[in-house]
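J.: Pasting a predicted model and its sequence here:
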Amino acid sequence: MTTVAKFEINYLQFMDENGTFISKQVPPQFAQDIDTVKSLYRDMCLIRVLDQKAYALQRTGKMGTYPAATGQEAVGVGFGSAMTKDDVLVPYYRGQAAMIQHGVLMEEVLLYWGGDERGCDYKVAKQDFPIAVPIATQLLHAAGIAKAMQMRGEKRCVFTEIGEGGTSEGDFYEALNVAGIWNLGVVFVINNNQWAISVPSEIQTNCETYAQKAIAAGIECIQVDGNDIIAVKEASEKAAEKARNGGGPTVIECISLRLCDHTTADDATRYRPEGELDEGWKKEPILRLRKYLESKKAWSEADEEKMKKELAEEVQTAVDNYLNTAVDSPAAMFDNLYAELPERTLAQRELALARGAK
Amino acid sequence: MTTVAKFEINYLQFMDENGTFISKQVPPQFAQDIDTVKSLYRDMCLIRVLDQKAYALQRTGKMGTYPAATGQEAVGVGFGSAMTKDDVLVPYYRGQAAMIQHGVLMEEVLLYWGGDERGCDYKVAKQDFPIAVPIATQLLHAAGIAKAMQMRGEKRCVFTEIGEGGTSEGDFYEALNVAGIWNLGVVFVINNNQWAISVPSEIQTNCETYAQKAIAAGIECIQVDGNDIIAVKEASEKAAEKARNGGGPTVIECISLRLCDHTTADDATRYRPEGELDEGWKKEPILRLRKYLESKKAWSEADEEKMKKELAEEVQTAVDNYLNTAVDSPAAMFDNLYAELPERTLAQRELALARGAK
Amino acid sequence: MAAITLIEAVNKAMAYEMGVDEEVVILGEDVGANGGVFRATDGLQQKFGDKRVIDTPLAESMIAGVSIGMAAQGMKPVAEIQFMGFIFPAVDQIICHAARMRNRTRGRIHLPMVIRAPFGGGIHAPEHHSESTEAIFAHIPGLKVVIPSNPSRAYGLMLAAIRDPDPVIFLEPKRVYRIEKHEIEDNGEEYPLGMCFVDREGTDITLISWGAMLHETKQAAEKLAAEGISAEVIDVATVSPLDIDTILESVEKTGRACIVQEAPKAGALGSEIAAEIAEKGVMNLLAPIGRVSGYDTVMPYYRLEKQYMPKVEHIVEEAKRIVEYR
Amino acid sequence: MAAITLIEAVNKAMAYEMGVDEEVVILGEDVGANGGVFRATDGLQQKFGDKRVIDTPLAESMIAGVSIGMAAQGMKPVAEIQFMGFIFPAVDQIICHAARMRNRTRGRIHLPMVIRAPFGGGIHAPEHHSESTEAIFAHIPGLKVVIPSNPSRAYGLMLAAIRDPDPVIFLEPKRVYRIEKHEIEDNGEEYPLGMCFVDREGTDITLISWGAMLHETKQAAEKLAAEGISAEVIDVATVSPLDIDTILESVEKTGRACIVQEAPKAGALGSEIAAEIAEKGVMNLLAPIGRVSGYDTVMPYYRLEKQYMPKVEHIVEEAKRIVEYR
Ligand SMILES: Cc1ncc(C[n+]2csc(CCOP(=O)(O)OP(=O)(O)O)c2C)c(N)n1
Ligand SMILES: Cc1ncc(C[n+]2csc(CCOP(=O)(O)OP(=O)(O)O)c2C)c(N)n1
Ligand SMILES: [Mg+2]
Ligand SMILES: [Mg+2]
């Protein structure tokens, strides 16, 4: 037998759970700029506050089912911060961290999970896709968007995110394959939070890594410590740069851990092994970055207090805006179905309005 | 960066296009038995004769669209001959070589392509699946069958076949993934005949090999020379043995070449580069095995003549049986829809019979 | 005997059949330790082990396709699709293979399998968690499509579905998963598939419904009775193949028909029922056939969900319009 | 001006629009050098290059999903699904995303895309190459479903489909791809979507059909005329959203309706049309509504194909039964 192809999967981590740079690699430029690091820290903390607030809203009947990203803030903030305004984000449902990085408003996120389509009518992130609920479907949209960019010769790229469970869907693979053969500028981020609702990663796939799934599509891949925002951001920036310049797609597997229930509708105590959370909380992304900042004497308890207060206010403003958005008219069910509503459906619209008025 | 996983793809070939054993590996036991080799030769020739006959039937209006396996006989005969009666075959539409190896009757194959469902009611190969027309769907059936075998502790395995184009479908990947994680006894054979109708393999996927797609599912794979029946059979027997004994799935990529149109409905001159066929005919599987047999003084022109005559008769008998099968009653459209036909549809059955009688 | 909800009845029926038939296996996303996101398979993995209650990878086409392979080998898979909104990746396997394998092989291979999915709106769920797309499956020859409306029927019909030698799509109206309890003896007695149930006898109008909407329909019948209108109420239960005879008989008696459904109106199951009446029973009709229905629009996110759903008063109104028609 | 077939008309319309609008791109399996297995895209890659006429990998969900992404960026993909029997892997993308993106984003993102697929029986093709499953798509709000019945309509409706700002499923009746030729001026003039065509005026009965069956329906009308029965013939053309007004008007005039379709009867488009008549026009009816239809069974392999397909004489028979109804 002769060997006709060889592959290896590399793993990237700069910072350990103590906030110490452990890699022999020189840390990337941005990591040497303390203000950048501080702002990454702040952005991760914002997501945590938002998630906690949303959780509370749900528990008090003011919000629908909500999927927190607790413990996975470095993934979304990390790759989201590698995007430029011109890039396009195609998120998944647990994608609030990247979405907010890329200009989706917090109140839009809340309005969406609050059961209102207007939460998808992004004021700023005009080209970003709304959340895709059917898992893995969004990766094909990302490929299509990148195809359009390629045909028009634009130097933009597309980021899309998926959970590790979602990689079992056929659409995941079809998207990777077409991105590979067409050399599309897509960065596929896998948030490997080790759970798909109650299904642990060990029974999802026989792969040692999720990154290696890229080999089936002949595209580049890397596995990173998803709790290390420096690694996530660095891998994302490299991949984005490549994608914008015609270098094609990349798969980035970020190993994180879901430090929360799947959604507010879930009760993870039914299936989660004891101790996993305790271990997980020791490695989580926010704490380690704080330790790093503290070790650099760039962060104090007072800074922390001040930031927390600011974040709480910021989030509260978004919550207020959300809660103050009046329920839409029943006409909204019809008015964006087509560019022009068919004759037949017009009568139904009238009926809905009449019924709604009662 | 650290390397966390490594993979390599191996290629197996024993015999070159001149019928010479070129591998440093010892040829497998069966290849050293001249009668076995002769019978493999004969079985491949049978498929070629059958395909030619079917083609002629189609051209004279006695047969529907038919997909010949010309140039790919070593693939189907090779893995089909590695199957035992207890194994189950889940074929694809160009699967007549393996099907016939595994006990499907030639007249059943003809009846099927002649537009009659009774061609799927196999007399001998009772558990084998009928051809799946929707590409890649069959791989999931194979996984399900293997799951049943596993649950019942049976030492059987499942073979399933797909074209290289079909590997782009999501179902292909979903099947590999579930076979991987459940450690199912399935052998996935990819007939890489380098064309999916008019689409060449180079624009189907960015992979250097089709075998490597198995890496995305964490399962074993190998690439073999699909024109070398010794290699195909050897790889298949190893994989089958492993599968029957709880060792799990294998992907076998067989590199062949489609030396015919896609089907009788196709005209490959519209898209096929000049010269490809000429080159291909030099490497095809039947000729090289004949050269080998001749080099061993085990085959003469007289043997060839005699065999050809026998094969022609065998095929003609099947053709006669096919042609003599009267068209079924319109009732057949209804009688196997459910175990018991619903009341409502009974009336339609009456109507169809009445209309058909006119 | 215990009073149980619809979802508990589904659970009990599966448990019963797993107990008596070792070919019955459950598979799907989160059906194991988690017991399903609605708890339909609660406790079953503990009871029957993870060999028979299988958490699958996240892939619906796979779930359907693997079930086909298992069923072909004589097992009886009961597959869960977590929500009906996620059944679409499996539609190719269901339509092209599950529905056709018996016919394709002229009876050689048949597929005793069930695909369960919760469906319908009204529980404040996110997008894709609330649609009613039963009409798609009801149009496919070779499938049976069953929708229980209450705990007893869920128990009896689920048993029949598992025992049926052909594929059954079993759609569970999740809005009424826990709305009422029935006393059910867990004795393995099935209800027949392919049969409507007459839930209330009446003389002035026939109200035809299925699943969750049956509850509004029955309430409407009550209200109509208070106004002196006698409504017959039919639970279709098996929406395909349709037991049209029971419906036609009723309409012959009442002369008036109104179909109540949650799905968008155009091309829904209600259209088929109306068409059948129009073909075979129209000359008995004293008034046009009414359809109280969802709108021909996308099921809205939950803030507007209530505006989308047909309500008791809409049924009453439409029934009165029909009864008063001259 | 040249006399061209339906499939040539499809080709010409795509070529026209590609010539005037560079956002229009074609993608699908074998659409390039091969020009499509039916030659719908013949010559287009030569003319417009392989950047605009794209041979895709073999994956239908991908074709639909990628088209969605391209359309969201303002391109106008015209995707081919090789046969309608292979559209099912794409159904998730079509139903869950293509049909809903405008609504979901409250108009922010809309998808000017066309999905073409040849459909219907009668050409002696293998399994899955002959079904008529238009009803599935006609039930989905947010889609338009268009079926041309002749070359002129194919040309005009295809242009309208490509220019439409929303997703259009364009189903081509392959049995009549080459059955007749029309003189068509290649001037880019579209026909309106969402409108029935009255193909023959009559007073005794309204025959309603679409696609390939329209040809049998018209022949039946001829035969009926010879027997003194005046049939009005309607080509539905846009099967969703349905132009029910034109149909109701006709039925008001004739008092009798017969729908002719190739699909299995239960839950087909004919049911929706019948239901609408039964709801809004039933009191004008002088006879029950007829449906000449395929059977509720799997489309058989081709040896029995003829036994499955509705024929001219079946339409004549049913029309006479309806006209003679007392
Ligand atoms: C096609 C589809 N199937 C099922 C679901 C239901 N569902 C929602 S989230 C989820 C688990 C996803 O896990 P993973 O992909 O790992 O992402 P995570 O939620 O862990 O971030 C499932 C099964 C869905 N949304 N879409
Ligand atoms: C799901 C699906 N899509 C499209 C087709 C139409 N089709 C039939 S064969 C074929 C090409 C298949 O190529 P490959 O998988 O390489 O197999 P080969 O025919 O070369 O053996 C296509 C596109 C189909 N049968 N099923
Ligand atoms: Mg996960
Ligand atoms: Mg091929």
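T.: Nice, thanks for sending it over. Ligands and ions are numbered 1, 2, ... in the order given.
J.: wait, is residue A:160 part of a strand?
T.: Yes - the assignment for residue A:160 by DSSP: H, G, I helix; E, B strand; the rest coil puts it in a strand.
J.: quick one: contacts for residue C:218?
T.: By Cβ atoms under 8 Å, 6 or more residues apart in numbering or on different chains, the contact set of residue C:218 is C:199, C:200, C:233. Where C-beta positions appear, they are placed from N, C-alpha and C, glycine not excepted.
J.: Columns pLDDT on top of those, output as JSON lines?
T.: Listed next are those as JSON lines, based on pLDDT from 0 to 100:
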{"residue": "C:199", "pLDDT": "98"}
{"residue": "C:200", "pLDDT": "98"}
{"residue": "C:233", "pLDDT": "98"}
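J.: Include neighbour count when you put those residues into TSV, please.
T.: What follows is these, written out as TSV (neighbours: other Cβ atoms under 10 Å in any protein chain shown):
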residue	neighbour count
C:199	18
C:200	16
C:233	24
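J.: How is chain C divided into domains?
T.: Domain assignment for chain C by automatic domain parsing gives C:2-184, C:197-323.
J.: Alongside chain C, which residues does the stretch 1-150 of chain A contribute?
T.: A:64, A:65, A:93, A:112, A:113, A:114, A:115, A:116, A:117, A:133, A:134, A:135 (Cβ under 8 Å from any Cβ of the partner chain).
J.: Of those residues, which belong to strands?
T.: In strands, judged by DSSP state E, none of the residues of the stretch 1-150 of chain A next to chain C are found.
J.: In terms of distance to residue B:102, which of these ranks first?
T.: residue A:135 (37.2 Å; Cβ to Cβ).
J.: what residues are up against the nearest residue to the closest one once chain neighbours are set aside?
T.: Leaving aside its chain neighbours, residue A:135 sits nearest to residue A:166 (4.3 Å; criterion: Cβ to Cβ, 6 or more residues apart in numbering or on different chains). The contact partners of residue A:166, by Cβ under 8 Å, 6+ apart, come to A:92, A:135, A:136, A:172, A:196, C:58.
J.: residue boundaries of the helices in chain A?
T.: Assigned by DSSP state H, chain A shows helices spanning A:34-59, A:73-80, A:96-101, A:106-113, A:137-151, A:170-182, A:229-244, A:276-283, A:285-295, A:301-323, A:332-335, A:343-357.
J.: Which single residue of chain C ends up nearest ligand 2?
T.: Using Cβ to the nearest ligand atom, the closest approach of chain C to ligand 2 is made by residue C:92 at 7.6 Å.
J.: tally of neighbours for the residue nearest to that residue when sequence neighbours are not counted?
T.: Leaving aside its sequence neighbours, residue C:92 sits nearest to residue D:88 (Cβ to Cβ, 6+ apart; 3.5 Å). Other residues near residue D:88 come to 27 when the count uses other Cβ atoms under 10 Å in any protein chain shown.
J.: Tell me the spacing between residue D:88 and residue C:51.
T.: Distance, residue D:88 to residue C:51, by Cβ to Cβ, to the nearest Å: 31 Å.
J.: Residue C:241 too?
T.: 34 Å.
J.: Equivalent analysis for residue A:313, please.
T.: Remark: distance between residue A:313 and residue C:51 (Cβ to Cβ) = 54 Å.
J.: Equivalent analysis for residue C:224, please.
T.: 52 Å.
J.: neighbour-wise, which of those two wins?
T.: Taking other Cβ under 10 Å, residue C:224 and residue C:51 do not tie; residue C:224 has more neighbours (22 against 10).
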